[in-house]
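> Provide a 3D model corresponding to the input given below.
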Amino acid sequence: MRTNIDLDDKLVEEAFELSSAKTKKELIHMALEEFIENRKRLNLMDLYGKIQFDEHYDYRKMREGK
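Numbers count the residues shown, from 1 in each chain. Presented below is the predicted three-dimensional model:
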């Protein structure tokens, strides 16, 4: 999707310093991916306390196939 946006130069400079991005396009893609990851993680945190787990569940036995 092609779009024109006005970016804060100081933010862009700082983002370049903190990333491995070489172009503004690459920087924006990285920022969007990180934003999406963080939002999805927050959505999972909303489930805290709403899911009841089996108190006898043993992941080690499941991995061993027992």
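
> now the helices: where do they sit in this protein?
Remark: helices assigned in the chain by DSSP state H are 9-18, 24-45, 59-64.

> to residue 51, which of these lies closest?
Of all the helices of the chain, helix 24-45 sits nearest to residue 51, with 10.4 Å by CB to CB. Glycine gets a C-beta too; all of them are placed from N, C-alpha and C.

> what mean pLDDT does that closest one have?
The average of the pLDDT scores along helix 24-45 is 91.

> next, the angle from it to helix 9-18.
Helix 24-45 and helix 9-18 are oriented at 80 degrees to each other (axes from the mean of the first three to the mean of the last three CA atoms, to 10 degrees).

> mean neighbour count and distance to residue 52 added to the helices of the chain, as a markdown table?
Putting the helices of the chain into a markdown table (neighbours: other CB atoms under 10 Å; distance: least, CB to CB, whole Å) gives the following:
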| stretch | mean neighbour count | distance to residue 52 |
| --- | --- | --- |
| helix 9-18 | 11 | 40 |
| helix 24-45 | 11 | 16 |
| helix 59-64 | 8 | 16 |
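
> thought residue 31 was touching residue 16?
No. Counting by CB atoms under 8 Å, residue 31 sits too far from residue 16 to count as a contact (11.1 Å).

> please save the CA atoms from stretch 4-16 in CSV.
Output of stretch 4-16 as CSV, limited to C-alpha atoms (Å, rounded to 0.1, in the frame of the first residue of the first chain):
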residue,chain,number,x,y,z
ASN,A,4,2.6,9.6,2.1
ILE,A,5,3.2,10.5,5.8
ASP,A,6,5.0,13.2,7.7
LEU,A,7,7.3,11.6,10.2
ASP,A,8,9.0,13.3,13.2
ASP,A,9,12.7,13.6,12.1
LYS,A,10,14.0,13.1,15.7
LEU,A,11,12.0,9.9,16.1
VAL,A,12,13.2,8.5,12.8
GLU,A,13,16.8,9.3,13.6
GLU,A,14,16.5,7.6,17.0
ALA,A,15,14.8,4.6,15.5
PHE,A,16,17.6,4.2,12.9
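
> and the closest residue to residue 27 other than its chain neighbours, how far from residue 28?
Computed as CB to CB, 6 or more residues apart in numbering, the closest residue to residue 27 that is not its neighbour in sequence is residue 21, at 3.9 Å. Distance of residue 21 to residue 28, computed by CB to CB, to the nearest Å: 9 Å.
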